[in-house]
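J.: Compute the structure for the input listed below.
(chains A and B)
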Amino acid sequence: MAAATTAKSPGSVPAEKEQRFYFDVKWVIILAIVAFLVIFEVLPMLYLVIRAFTADGGVSFHAFQRVYTYPMNWMALKNTLITATCSMILGVIIAFPLAWLVGRTNLYGKKFFRTLFVTTYMVPPYVGAMAWLRLLNPSVGTLNVFLKNLLHLAENPFNIYTVGGLVWVLTSFYYPYAFITISRAMEKMDPSLEEASKISGASPLKTLWTITLPMMAPSIVAAALLVFVSAGSCYGIPSIIGAPGQVHTVTTRIIDFVSIGNQDGITDATTLAVFLMVIANVVLYVSNFVVGKKQYITVSGKSTRPNIVDLGRWRIPITILVILFATVVVLIPFASVATTSFTKNLGKPLLSFADGKLVTDNFVLRFWERVVTRESILQSAGRSVLYAALAASFGIIVSCVMAYLLQRTNVRGKSIPDFLITLGSGTPSVVIALGLIMTMSGRFIINIYNTMWIMIVAYMVKYLLMGMRTVVSAMSQIHPSLEEASLISGASWLRSFKDVTIPLIAPSVVAGWFLIFMPCFYELTMSTLLYSTYTKTLGIELFTYQTFHSQQTAAALATVILLLVIAANWLLNKLTNGEFSI
Amino acid sequence: MSKRFIAGLLALVMALTMLAGCGGGNEPAPAPAPAPAPTPDQGSAPAEPSPADVSGDVLIYTSMYEDIIEAIKPELKKAFPNLNVEFFYGGTGKLQTKVAAEIETGKLSCDMLMVAEPAYSLELKEGGWLEPYVTPAAETLAFDYDKEGYWYPVRICNMVLAYNPELKKKEEIPNSFYDFAYNEAVKGKTSMGNPLTSGTAMAAVAALIDKYGEDYFVALGKQGTMVESGSVAAGKLETGECDVIMILEESILKMREEDDSQLEVIYPTDGTIVIPSTIMTIAADKSEHNNIAACQAITDWFLSNEGQKNIVKGWMHSVVATYPEPPYDAIPTQEILKNTMPVNWEFCYKSRDDIRTKFQEHVTIPESK
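T.: The predicted structure is shown next:
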């Protein structure tokens, strides 16, 4: 056992043949992962930085000066920081209590709520943006008008085209990231500490405050930063919600610069992207090396169910509150999208009554028909499934290996790939895409531009983390004694990994696969820069229909995606007798 | 435990097949490297190609709406049964960026372009990226074309204003581009396209700054004009979020015919901005499939009565002088041409970056805010 976990370097391995074999495999795998990350993540990002400084030939700060002395860009930088910070704070304020209520209390319908909140993660954010635009636009937003009449206000209460509006929509779409992260940590937390607190006479609230919260702190910070980076690097929502109100963010500026289409535009985009990258890296540094060092989480080998807090007389009021939240944040926008998909004239109600009869003139199935018959949409959907499945499958293999390395070995340097994966996920999508375009189009040997591989690589760099975290946390719950038994019985490292470890963490592997698959499936920001003639994906299709052709078709497409997600979740649940769902 | 794993795998596979069921199956093989396709004709001086003769592949980058592409594809198949024509749709900005990136590699990944305005054609011609071809259809054209045959107008898009008569009276709202920016009654309730991503919006703002000066942009900024795509703007006109929008005539006509929309076009009193969009063939050695004969046949087809019929069916105006009818619900092309706001294409092309920058500073993110 000692040999398996305390090797110092590949050279110092005892000379026994079989042992050397499995150490070699381990190193080959680590090196492969690191090589992948260095080639497709580190080098492109470095190239961006270098290019930003050397745009005019020699080393210079000209591009920086031009870009950062431009008031318009400053405004965008400011907006990005404000919206990302506010969404982060708001997101955690929402996600923590929800995760606690769903995971640790006897809230009514908590399983349903869990699925509902996670479902939001599965929906393209820009679809939600479109829904909120219709609900809360300042002049005729449906919800706005409803509230105005209800409360007898002189004016519509909300204006979505503001920084506040942007924060609201970003929060409502990125809090699930925090919810998932925090829920997971809560599941693996050892409940005996809480029990001890309870036995010592502390109230549930006091236990929450003095035990649960401090123990959760690292996860909360991680969750917060995940929301921060996701919100800060989002393109779809600011382009739909922010732009009409002249609220621009760094991402919309970058895409604008790229749209200009000339060399200056690309240089400016690169230079601005470096800013996003720096912010993201600082954030990551803080999360990983300052906060992340404190590992409060204690996990016992036994699989103990966390104790359930009785909400007592608060059970019903709190459930009602959660229902209200779910209605506003999830149900209303989704319903709005679904309704839009059947509406011919957006200015009129879908169904109305005239002379006591139901008027269905405005109800059409045409957009649905278009979605399921149009060749280009079907092709793009097929491609998206393929690319996302490939990214998720490669990604989950890497995740499993990483989980093993992190949880079961003391191999020196194991934190390097871990850090790189975290770095990739923290890097704004636009930056990844720009870096890949510039380095992967043949200038440096590799040429995968205009192929599906550039997209798959980009997806993996960006979304590996969610999968890895899921598997790592599952792995940490399994006692190493089982694997040791396998190793002692003479199985190789690969064999014991395959026969012992993988089956034990299977549910998390599947969940992790889906957590990678879904965001890749509808990815927009990177795809919009990387796609070409034969690699158009569903996200692009959805966004193009949304902005250029027909919002109703886009709504129908979004509803189809949503239904598929729900169906997949239900099926998984059913097949595994509730063992896992997404 | 392993049972659980198998169940998981099974679930995964099933979920996948289910998802794939909605769209998989017809996945075309990704095209990694530009492979030279069968090239029936390497020569640059072909004889009149007859439809059955042309074969192979042609890839066209276009900014025509996907609904229109879908309608045109079967027609082209009928005209050229042996030819495989693919369209790649993108907004003008997106396509120009793509082309710019491809230009750096010395070769384009397409064979023809049906995108943007003459300004862009001038630029590509100057760069030596186009193949000349003098089509017999040239003399029937009512609009300027390149006399050496590097580009031809193929469809007419008109930048106009639009309003919702169910919510507003025509007299209450701006009827000219000038009032669109200066009439305070519609402050915060106007919308227009983005010259960074849309070629027609670019042409329109070039015409407007040419006529009214930079002040016009300042006024748009003060007006709080929302900068967004036509589809979003039209939606806002229907719901009443906007009172008047600057939009392509074709977008409104399409909604009127397909969705019985009540939205109406206003042909601005200070002149409709008429934007011919061009068709170009990429120079043989710089194109994807090097299929010049087919490209020439396609050019002829688009400029023929048959091709123009599809253009007009797609709610755009014909470029042929004698073409009898305008698109659905539009006024005759000749009527529109009586009152236009001219676009200086040379200026549009040479000052593009400058115009875009000014537009962004004044309208997209006004510094005053």
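
J.: now the farthest one out in chain A, which residue is it?
T.: A:Asp355 (49.3 Å; CA atoms, centre = their mean).

J.: what does the stretch 1-150 of chain A put close to chain B?
T.: Residues of the stretch 1-150 of chain A lying close to chain B (CB under 8 Å from any CB of the partner chain) are A:Pro71, A:Met72, A:Met75, A:Ala76, A:Arg134, A:Asn137, A:Pro138, A:Ser139, A:Val140, A:Gly141. C-beta: built from backbone N, CA, C; applies to glycine.

J.: if you set the cut-off to 10 Å instead, what comes out?
T.: Taking CB under 10 Å from any CB of the partner chain as the contact definition, the stretch 1-150 of chain A meets chain B at A:70-73, A:75-76, A:79, A:130, A:133-134, A:137-142.

J.: By neighbours, which of those residues wins?
T.: Neighbour counts for those (other CB atoms under 10 Å in any protein chain shown) peak at A:Met130, which has 29 neighbours.

J.: how far away is that residue from B:Thr92?
T.: Distance of A:Met130 to B:Thr92, given as CB to CB, to the nearest Å: 23 Å.

J.: In helices, which of the residues of the stretch 1-150 of chain A next to chain B appear?
T.: A:Pro71, A:Met72, A:Asn73, A:Met75, A:Ala76, A:Asn79, A:Met130, A:Leu133, A:Arg134, A:Thr142 (DSSP state H).

J.: How is chain B divided into domains?
T.: Annotated domains of chain B cover B:56-156+B:276-313, B:157-275+B:335-364 [automatic domain parsing].

J.: mean confidence for the shortest one?
T.: When pLDDT is averaged over domain B:56-156+B:276-313, the result is 90.

J.: now do stretch A:411-418
T.: 78.

J.: what are the C-alpha coordinates of it, in PDB please?
T.: C-alpha atoms of stretch A:411-418 as PDB (Å, rounded to 0.1, in the frame of the first residue of the first chain):
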ATOM      1  CA  VAL A 411       2.400  11.500  -7.100                       C
ATOM      2  CA  ARG A 412       4.300  14.700  -7.300                       C
ATOM      3  CA  GLY A 413       2.900  17.100  -9.800                       C
ATOM      4  CA  LYS A 414      -0.600  15.700  -9.700                       C
ATOM      5  CA  SER A 415      -1.900  19.200  -8.900                       C
ATOM      6  CA  ILE A 416      -0.500  20.500 -12.200                       C
ATOM      7  CA  PRO A 417      -3.200  19.000 -14.400                       C
ATOM      8  CA  ASP A 418      -5.700  19.800 -11.700                       C
END
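
J.: mind listing the strands for chain B?
T.: Per DSSP state E, chain B carries strands over the ranges B:56-62, B:83-89, B:112-114, B:151-163, B:190-192, B:226-227, B:244-248, B:264-266, B:273-281.

J.: mind giving me TSV with those and columns for mean neighbour count?
T.: Formatted as TSV, the strands of chain B follow (neighbours: other CB atoms under 10 Å in any protein chain shown):
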stretch	mean neighbour count
strand B:56-62	23
strand B:83-89	20
strand B:112-114	25
strand B:151-163	25
strand B:190-192	26
strand B:226-227	22
strand B:244-248	27
strand B:264-266	20
strand B:273-281	26
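
J.: Let me know which of these is the nearest to A:Tyr531.
T.: strand B:83-89 (9.8 Å; CB to CB).

J.: gap between that closest one and the chain center?
T.: 16 Å (CA atoms, centre = their mean, to the nearest Å).

J.: swap in stretch B:291-310?
T.: Between the centre of stretch B:291-310 and the centre of its chain there are 17 Å (CA atoms, centre = their mean).

J.: again with stretch A:107-125
T.: The answer for stretch A:107-125 is 14 Å, by CA atoms, centre = their mean.

J.: Let me see the mean pLDDT of it.
T.: 82.

J.: circling back: need the ones in helices among the residues of the stretch 1-150 of chain A next to chain B in JSON lines (columns: pLDDT and distance to A:His62).
T.: Below are those laid out as JSON lines (pLDDT from 0 to 100; distance: CB to CB, whole Å):
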{"residue": "A:Pro71", "pLDDT": "76", "distance to A:His62": "18"}
{"residue": "A:Met72", "pLDDT": "77", "distance to A:His62": "18"}
{"residue": "A:Asn73", "pLDDT": "81", "distance to A:His62": "15"}
{"residue": "A:Met75", "pLDDT": "85", "distance to A:His62": "21"}
{"residue": "A:Ala76", "pLDDT": "87", "distance to A:His62": "20"}
{"residue": "A:Asn79", "pLDDT": "91", "distance to A:His62": "25"}
{"residue": "A:Met130", "pLDDT": "83", "distance to A:His62": "39"}
{"residue": "A:Leu133", "pLDDT": "86", "distance to A:His62": "39"}
{"residue": "A:Arg134", "pLDDT": "84", "distance to A:His62": "44"}
{"residue": "A:Thr142", "pLDDT": "84", "distance to A:His62": "49"}
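
J.: Kindly indicate which of those residues lies nearest A:Leu386.
T.: A:Met130 (26.2 Å).

J.: Can you verify my assumption that the closest one contacts B:Val232?
T.: Yes. A:Met130 is within contact range of B:Val232, at 8.5 Å (criterion: CB atoms under 10 Å).

J.: May I see the buried residues of stretch B:341-356?
T.: B:Met341, B:Val343, B:Trp345, B:Phe347, B:Cys348, B:Tyr349, B:Ser351, B:Arg352, B:Ile355, B:Arg356 (16 or more other CB atoms under 10 Å in any protein chain shown).

J.: Stretch A:470-481 too?
T.: Neighbour-count burial for stretch A:470-481 [16+ other CB under 10 Å]: A:Thr470, A:Val471, A:Val472, A:Ser473, A:Ala474, A:Met475, A:Gln477, A:Ile478, A:Pro480.
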